[in-house]
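Undergrad: sequence first, then the predicted structure, then my questions.
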Amino acid sequence: MSMIAAFYGGKSILITGATGFLGKVLIEKLCRTSPDLKVIYILVRPKAGHTLQQRVSQIINSKLFEKVREVCPNVHEKIRAISADLNQNDFAISKEDMQELLSCTNIIFHCAATVRFDDHLRHAVQLNVTATQQLLFMASQMPKLEAFIHISTAFSNCNLKHIDEVIYPCSVEPKKIIDSMEWWDDAIVDEIAPKLMGDWPNTYTYTKALGEMVVQQESGNLNIAIIRPSIVGATWQEPFPGWVDNLNGPNGMIVAAGRGFLRAIRASPLAVADLIPVDTVINLTLAVGWYTAVHRPKSTLIYHCTSGNLNPCNWGKMGCQVLSTFEKIPFEKAFRRPHADFTANTITVHYRNAVSHRAPAMIYDIYLWLTGRKPRMTKLMNRLLRTISMLEYFINRSWEWSTYNTEMLMSELSPEDQRIFNFDVRQLNWLEYIENYVLGVKKYLLKEDMAGIPEAKQHLRRLQNIYYLFNTVFFLIAWRLLIARSQIARNVWFFIVSFCYKFLSYFRASSTLKA
Ligand SMILES: CCCCCCCCCCCCCCCCCCCCCCCCCCCCCC(=O)SCCNC(=O)CCNC(=O)[C@H](O)C(C)(C)COP(=O)(O)OP(=O)(O)OC[C@H]1O[C@@H](n2cnc3c(N)ncnc32)[C@H](O)[C@@H]1OP(=O)(O)O
Ligand SMILES: NC(=O)C1=CN([C@@H]2O[C@H](COP(=O)(O)OP(=O)(O)OC[C@H]3O[C@@H](n4cnc5c(N)ncnc54)[C@H](OP(=O)(O)O)[C@@H]3O)[C@@H](O)[C@H]2O)C=CC1
């Protein structure tokens with residue numbers, strides 16, 4: 001019998017960020033392994049014309065929840081959506097709902113965050129710091145609360161090279177920043193942001209670091225743990241391999257490479273690609289929830305959920321496997337044949353951006369314009385280049401994360417729990433994982449049918465022919481212009497033609513003699 005699964009039975013669990021990438025996998029696993037849990041409260045905001053109930057139904061009826069619908073047919077009744085906006089005071093939760101949350105909640109998983117790298121500092125502070133502070137305040141009023149699990153990121157201290165499972169202080173107290181945000185106008189925030197952020201590369205990582213400090217400072221008597229996942233990727237095993245549903249991190253790059261937009265990227269092939277499957281993160285999260293509530297460690301424990309020190313793989317190996325998977329499983333509607341490589345220095349990057357990214361986009365836009373359609377490729381390409389520029393920081397460096405607490409927890413689990421809530425990345429076969437990842441991007445993110453593969457391959461062959469034809473015509477025109485203008489080029493041309501003529505004459509003469 002799984003101790004962890006049994007622990008969640010009969011519990012009331014509060015999840016923020018439940019509609020996000022990690023949140024969905026968390027609910028799925030909870031409902032599948034502990035179908036007798038009492039209720040999962042999820043804080044959801046109405047969005048894009050969808051009511052709360054529509055948003056929940058969309059999740060429950062999705063492919064990800066296929067197994068849950070079998071194991072827990074009354075899953076609809078287990079999930080109770082509460083209207084909330086984490087950017088508002090008291091999260092804009094109604095009095096009745098707040099009363100119920102305060103009196104019933106046993107466990108909190110705080111996943112909500114803005115994960116955008118370019119978010120305005122004010123907004124990032126509001127969601128990643130102030131909302132965390134408010135949630136801790138709520139938690140302190142919950143008599144039945146057994147554990148509060150905060151999801152942070154392994155990159156909250158990406159300004160350091162070696163990172164231990166401790167909280168590193170930021171130079172300015174989060175409380176001061178929260179207070180200042182109330183009276184600073186946007187112009188002041190814009191001016192002061194680079195100074196506050198120091199050597200953090202973006203508002204996301206900086207505010208996640210502040211969020212951790214808030215957790216430490218406001219923990220009071222609460223049982224708290226912090227989980228720091230690295231780059232979260234598609235599912236490894238559960239509920240099925242390769243599930244992914246957004247364009248964040250590597251996902252967007254896989255789409256861009258598979259459709260032939262991404263041709264070159266400034267990345268260190270030998271830098272460690274610290275990817276971690278989302279189901280591994282969730283297994284650790286649930287194990288941490290159990291351990292924190294049952295063993296009540298004296299201090300706040302931090303768990304690194306990373307792969308680099310236990311089972312390292314570099315960007316070079318991953319990139320190659322991604323490209324070789326495209327050969328077998330191509331994406332539909334490719335712009336060009338998938339082919340991408342690493343660039344190292346600034347000059348090559350500018351050259352490749354001009355020749356391999358911008359020029360083909362412009363040529364395609366001219367073609368669209370000539371055929372009466374709206375040019376769109378240059379805009380798309382600019383967006384891709386902007387995204388790449390934001391990811392570059394993370395693919396040109398390696399970090400070392402110590403994982404003592406995570407390994408300690410692994411050893412505390414029963415063999416049954418180690419199997420059901422497996423977070424041992426040493427067992428992960430990267431090549432197999434990446435292949436399933438690419439397949440998952442095709443099936444679950446791009447929603448492409450596997451039956452379309454022959455047509456996709458045919459399309460790629462056509463693109464290859466267009467590429468050869470284009471290059472030949474381009475070469476001939478360039479050569480013709482060169483000959484017209486340069487005596488040297490004319491001499492070279494005369495030399496090549498006369499050489500070919502002599503070679504053919506000799507070949508013909510020798511074959512006539514043999515006959
Ligand atoms: C398995 C991995 C192997 C990878 C190999 C893949 C390539 C293979 C090629 C081989 C060649 C060799 C090279 C390989 C090696 C390098 C590969 C690089 C891999 C990537 C590395 C990832 C590093 C991640 C670092 C993470 C650190 C921290 C992790 C975390 O804690 S949190 C999660 C990380 N957060 C994010 O990723 C968010 C980042 N996003 C943003 O900040 C913003 O979205 C933005 C990028 C700034 C863009 O903002 P915009 O305002 O311009 O756009 P918006 O978001 O509003 O979206 C507008 C529309 O554009 C679509 N879109 C958004 N992002 C992408 C995208 N990446 N690709 C394509 N399209 C995108 C979006 O859907 C919108 O569309 P619409 O709704 O239709 O308008
Ligand atoms: N994905 C990754 O690679 C990594 C993620 N993490 C951490 O994991 C956690 C979850 O990330 P992930 O699932 O990828 O993020 P997503 O962007 O997929 O999900 C974010 C969630 O937060 C919710 N949210 C955002 N703003 C509000 C708001 N104002 N009120 C209520 N809810 C809000 C979103 O709701 P809505 O659907 O309404 O927008 C969504 O459910 C984050 O804390 C992140 O820092 C850490 C390392 C890596």
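TA: Structure's in. What do you need? Ligands and ions are numbered 1, 2, ... in the order given.
Undergrad: for the residue of the stretch 251-400 of the chain found nearest ligand 1, grab phi and psi.
TA: Closest residue of the stretch 251-400 of the chain to ligand 1, C-beta to the nearest ligand atom: G252 (2.1 Å). Any C-beta I mention is one placed from the backbone N, CA and C, and that applies to glycine too. Torsion angles at G252 (phi, psi; degrees, to the nearest 10) stand at phi -60, psi -30.
Undergrad: per-residue pLDDT of it, please?
TA: Confidence at G252, expressed as pLDDT, is 96.
Undergrad: okay, now the closest residue in space to it that isn't next to it in sequence: neighbour count?
TA: Distances taken as C-beta to C-beta, 6 or more residues apart in numbering put T387 closest to G252, at 6.1 Å, once the chain neighbours are dropped. When neighbours are counted by other C-beta atoms under 10 Å, T387 registers 18.
Undergrad: after the strand or helix carrying T387 comes which helix or strand?
TA: According to DSSP states H and E, T387 maps onto helix 377-395. For helix 377-395, the following helix or strand on the C-terminal side (DSSP H and E) is strand 400-401.
Undergrad: measure the residue of the stretch 251-400 of the chain closest to ligand 1 to L262 for me?
TA: Computed as C-beta to C-beta, to the nearest Å, the G252 to L262 distance reads 9 Å.
Undergrad: comparing the two, which shows the higher neighbour count?
TA: Neighbour totals were compared for G252 and L262, and L262 leads with 24 against 19 (other C-beta under 10 Å).
Undergrad: doesn't A340 make contact with that one?
TA: Yes - look at L262 against A340 with C-beta atoms under 8 Å: they come within range, at 5.2 Å.
Undergrad: could I get the buried residue list for the helix ranked longest in the chain?
TA: Among the segments of the chain that qualify as a helix by DSSP state H, the longest is helix 453-485. By 16 or more other C-beta atoms under 10 Å, the buried positions in helix 453-485 come out as 453, 456, 459-460, 463, 483.
Undergrad: mind giving me the packing neighbours of that helix?
TA: If contacts are counted by 3 or more C-beta pairs under 8 Å, 6 or more residues apart in numbering; DSSP states H and E, helix 453-485 sits against helix 487-514.
Undergrad: now do the helix it packs on: which elements does it pack against?
TA: Using 3+ C-beta pairs under 8 Å, 6+ apart, the elements in contact with helix 487-514 are helix 453-485.
Undergrad: distance between the helix it packs on and the chain's centre?
TA: Per C-alpha atoms, centre = their mean, to the nearest Å, the displacement of helix 453-485 from the mean C-alpha position of its chain is 35 Å.
Undergrad: now swap in stretch 67-81 and tell me
TA: In terms of C-alpha atoms, centre = their mean, the centre of stretch 67-81 is found 27 Å from the chain centre.
Undergrad: burial count for the residue lying closest to Q58 once chain neighbours are set aside?
TA: Distance criterion C-beta to C-beta, 6+ apart; nearest residue to Q58, sequence neighbours excluded, is H50 at 7.3 Å. Taking other C-beta under 10 Å as the criterion, the count of residues near H50 is 14.
Undergrad: the one 3 residues further on too?
TA: Residues lying near Q53 (other C-beta under 10 Å) number 12.
Undergrad: give me the mean pLDDT for whichever helix or strand it is part of.
TA: Assigned by DSSP H and E, Q53 belongs to helix 52-60. Per-region confidence: helix 52-60 scores 93 on mean pLDDT.
Undergrad: is there any residue in stretch 129-143 that contacts ligand 2?
TA: No - Stretch 129-143 stays clear of ligand 2 (C-beta under 6 Å from any ligand atom), getting no nearer than 7.1 Å.
Undergrad: and that stretch, how far out from the chain middle?
TA: 27 Å.
Undergrad: what's the answer for stretch 427-443, then?
TA: Distance, centroid of stretch 427-443 to centroid of chain: 14 Å (C-alpha atoms, centre = their mean).
Undergrad: and it, anywhere near ligand 2?
TA: No - using C-beta under 6 Å from any ligand atom, stretch 427-443 stays clear of ligand 2, coming no nearer than 13.2 Å.
Undergrad: kindly report the residues of the chain close to ligand 1.
TA: Counting by C-beta under 6 Å from any ligand atom, the chain sits next to ligand 1 at 115-118, 153, 155, 231, 247-250, 252-257, 265, 267, 315, 318-319, 322-323, 340, 342, 383, 386-387, 390-391, 394-395, 434, 437.
Undergrad: quick check, P143 in a strand?
TA: No - P143: not assigned to a strand; according to DSSP: H, G, I helix; E, B strand; the rest coil it is coil.
Undergrad: I'd say it and T105 touch.
TA: No - applying C-beta under 8 Å, one finds P143 not in contact with T105, separated by 9.5 Å.
Undergrad: H120 and S307: what is the separation?
TA: Taking C-beta to C-beta, one finds H120 at 32 Å from S307.
Undergrad: quick one: which of these two has more around it?
TA: S307 (25 against 15).
Undergrad: thought M410 was touching Q418?
TA: Yes - contact criterion C-beta under 8 Å: M410 and Q418 qualify, at 6.8 Å.
Undergrad: identify the contacts common to these two.
TA: The contact sets of M410 and Q418 overlap at D424 (C-beta atoms under 8 Å, 6 or more residues apart in numbering).
Undergrad: C-terminal to the host helix or strand of Q321, what's the next element?
TA: Assigned by DSSP H and E, Q321 belongs to helix 315-328. Counting by DSSP H and E, the element after helix 315-328 in chain order, helix or strand, is strand 341-343.
Undergrad: ok, residues contacting the helix or strand immediately after that next one in the chain?
TA: Downstream of strand 341-343, the first helix or strand assigned by DSSP H and E is helix 346-352. Applying C-beta under 8 Å, 6+ apart, the external contacts of helix 346-352 come out as 263-264, 266, 343.
Undergrad: try it again at 6 Å.
TA: Contacts to helix 346-352, defined as C-beta atoms under 6 Å, 6 or more residues apart in numbering, come from residues 264, 266, 343.
Undergrad: present the residues you listed as CSV; the columns should include distance to E165, neighbour count and pLDDT.
TA: Formatted as CSV, the contacts of helix 346-352 follow (distance: C-beta to C-beta, whole Å; neighbours: other C-beta atoms under 10 Å; pLDDT from 0 to 100):
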residue, distance to E165, neighbour count, pLDDT
A264, 37, 19, 94
R266, 31, 19, 93
T343, 35, 19, 89
